[in-house]
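Engineer: Provided below for reference: sequence and predicted model.
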Amino acid sequence: MGSLIRLVFGAPVAVIVTAGLFLMMYALIYVKNVKTEEAGDTIVIDLSRKMNDTSVRASDTFDPPDVKTPPPPPPAINNSDYKPELGVVAVAAPKFDANVDIGTGYNPDRDAQPIVRIAPDYPERCQKDKGGDEIVVVQFNVTPSGQVVDAKVTSSTNSCLNRSAIRAVLRWKYNPKIVDGSAVPRTGVVTTLRYQLADD
């Protein structure tokens, strides 16, 4: 009913406003008597660059300077293979009697290291109260390519959160475990996920 009333009153008002705008534009554009001014003196603007011809005078020629002393000759090279002579002093390396094993300083073996950890979602249906913290402990394995597999919940304060925790852990990415320079599976990784509601 309301849209019908708006149509009945709004359509005529829109037609009147549109017609008024057209008439106003027509009045601004339409000119009855336009007088053009008579042509007067034409102004010519020349933007081209003019080159002036100049004649070269005999006095403008360049005279080379008078050099009284010739340049010095190049240095003589006595060595036929053109290698510089270096005065090298041979010195023996010092000897130490200490028996010290400094090692190589580099150990390629390492445990699996996390590089991407995505925080789990806190489902609304699992939120019991505003103040309590929920904890889910998850155990999983890491493949040689760094993927998380075989994730399972070992303990949980709210079983409603188990599915959310598993889903988050399976999206994690690790640098794999390295043994003797090769990536190997890492089993039995345990992590604790803490769920807490933010205070409003």
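Structural biologist: Yep, that arrived.
Engineer: List the contacts of stretch 112-131.
Structural biologist: With contact meaning C-beta atoms under 8 Å, 6 or more residues apart in numbering, stretch 112-131 is reached by 134, 142, 146, 158, 160-161, 164-165, 167-169, 171-177, 186, 189, 193, 195, 197, 199. Using the backbone N, CA and C atoms, a C-beta is placed for each residue, glycine as well.
Engineer: just the buried members of those residues?
Structural biologist: Among those, those that count as buried by neighbour count (16 or more other C-beta atoms under 10 Å) are 134, 142, 146, 158, 161, 164-165, 168-169, 172, 174, 176-177, 186, 189, 193, 195.
Engineer: Which members of those residues are positioned in helices?
Structural biologist: Residues of the buried ones among the contacts of stretch 112-131 located in helices (DSSP state H): Ser164, Ala165, Ala168, Val169.
Engineer: And the pLDDT for the spatially closest residue to the first one that is not a sequence neighbour?
Structural biologist: Spatial nearest neighbour of Ser164, excluding adjacent residues (C-beta to C-beta, 6 or more residues apart in numbering): Pro120 at 4.8 Å. According to the predicted model, the pLDDT of Pro120 comes to 85.
Engineer: Also Gly188?
Structural biologist: Reading off the confidence values, Gly188 has pLDDT 90.
Engineer: how many neighbours does it have?
Structural biologist: Per other C-beta atoms under 10 Å, the neighbour tally for Gly188 reads 9.
Engineer: which stretch of helix or strand covers Val149?
Structural biologist: Secondary-structure assignment from DSSP states H and E places Val149 in strand 148-156.
Engineer: Now do the buried residues in that strand.
Structural biologist: Residues Val148, Ala151, Val153, Ser156 are the ones in strand 148-156 that count as buried (16+ other C-beta under 10 Å).
Engineer: Run the angle between it and helix 162-169 for me.
Structural biologist: Inter-element angle recorded for strand 148-156 and helix 162-169: 140 degrees (by axes from the mean of the first three to the mean of the last three C-alpha atoms, to 10 degrees).
Engineer: Do me a favour and average the pLDDT over strand 148-156.
Structural biologist: Per-residue pLDDT values over strand 148-156 give a mean of 92.
Engineer: Within the sheet, what are the partner strands of it, with directions?
Structural biologist: Applying DSSP bridges to the sheet, strand 148-156 is found paired with strand 134-142 (antiparallel).
Engineer: ok, and what's touching the partner strand?
Structural biologist: Outside strand 134-142, the residues within contact range by C-beta under 8 Å, 6+ apart are 112, 126, 148-158, 161-162, 165-166, 169-170, 174, 176-177, 185-196.
Engineer: Thanks a lot, catch you later.
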